[in-house]
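>>> Take this sequence and fold it.
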Amino acid sequence: MIVGSLCNNDIFMASQLIKMGFCIEIFRHRSEIEILDKAFLKLCNIDKSQLVEYQNTKQFLKHCLNAKVIISFAGSLIFYLNKALYITYINLLPPIISIATGSDLYEAPFHKSITGHRYRVIFKRSFLVVVVPMGPFISACNKLLLNRIMFIRHPYFIWPHGIKKEILQT
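I've put the predicted structure just below:
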């Protein structure tokens with residue numbers, strides 16, 4: 001299951017994982033699903049049935065507990081789980097792959113708030129944290145004592161060169 005859109009990188013990642021034989025669910029809010037370009041979905045070979053509309057936390061948690069892996073873009077997982085269910089079920093969730101691309105890693109976990117605490121727990125609980133190899137990210141990983149880190153280029157640059165220019169603008 002993939003959570004968080006991050007400029008449609010969730011759709012692209014899902015399309016690549018589906019090509020490799022994985023069964024993928026993409027969670028988005030209704031407003032994010034409604035604005036998706038049908039041509040983009042067709043190009044990525046994504047069927048609307050693979051897009052799951054986020055309705056409530058309990059429905060989302062049910063899907064989480066049935067998933068084999070959760071891929072969370074930009075800390076999105078903490079916003080889909082409310083505070084009570086987050087504290088109760090965080091240790092029951094399947095392995096989490098967190099893809100951090102900005103302030104969700106180098107700023108949010110260091111806030112002295114419940115949200116900052118939730119970010120810290122998610123990153124420490126993640127099976128793998130995927131980050132951009134830049135100074136603030138490396139420093140944040142060191143401060144959080146993360147030991148399962150993978151460095152990649154920024155997700156905006158992982159698109160293959162064959163995708164049409166107008167699709168990239170969606």
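>>> Now do the helices in this protein.
9-19, 30-34, 38-43, 57-66, 77-80, 83-89, 103-106, 114-125, 135-143, 165-168 (DSSP state H).
>>> and those as a markdown table, adding mean pLDDT?
Formatted as a markdown table, the helices of the chain follow (pLDDT from 0 to 100):
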| stretch | mean pLDDT |
| --- | --- |
| helix 9-19 | 87 |
| helix 30-34 | 87 |
| helix 38-43 | 87 |
| helix 57-66 | 88 |
| helix 77-80 | 84 |
| helix 83-89 | 70 |
| helix 103-106 | 86 |
| helix 114-125 | 89 |
| helix 135-143 | 90 |
| helix 165-168 | 45 |
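>>> so which of those comes closest to residue 95?
helix 114-125 (9.2 Å; CB to CB). For the C-beta atoms, the positions are set from N, CA and C on the backbone; glycine is no exception.
>>> State the distance from the nearest residue to residue 73 once chain neighbours are set aside to residue 143.
Closest residue to residue 73 apart from its sequence neighbours, by CB to CB, 6 or more residues apart in numbering: residue 4 at 3.3 Å. Using CB to CB, to the nearest Å, we find residue 4 at a distance of 23 Å from residue 143.
>>> So between the two, which is more surrounded?
residue 4 (23 against 12; other CB atoms under 10 Å).
>>> Can you give me the pLDDT of the more buried one?
For residue 4, the pLDDT comes out at 84.
>>> And it, how close does it get to residue 135?
24 Å.
>>> One more: residue 50?
From residue 50 to residue 135 the distance is 37 Å (CB to CB).
>>> Give me the more crowded residue out of those two.
Of the pair residue 50 and residue 135, residue 50 is the one with more neighbours under other CB under 10 Å, namely 17 against 8.
>>> Quick check: residue 25 touching residue 17?
No - the criterion here is CB atoms under 8 Å, and residue 25 misses it with residue 17 at 10.9 Å.
>>> Please tell me I have it right and residue 86 contacts residue 119.
No - taking contacts as CB under 8 Å, residue 86 lies outside contact range of residue 119: 11.2 Å.
>>> what is in contact with these two at once?
residue 78 (CB atoms under 8 Å, 6 or more residues apart in numbering).
>>> Of the two, which one has the most company?
Using other CB under 10 Å, the more surrounded residue of residue 86 and residue 119 is residue 119, with 24 against 21.
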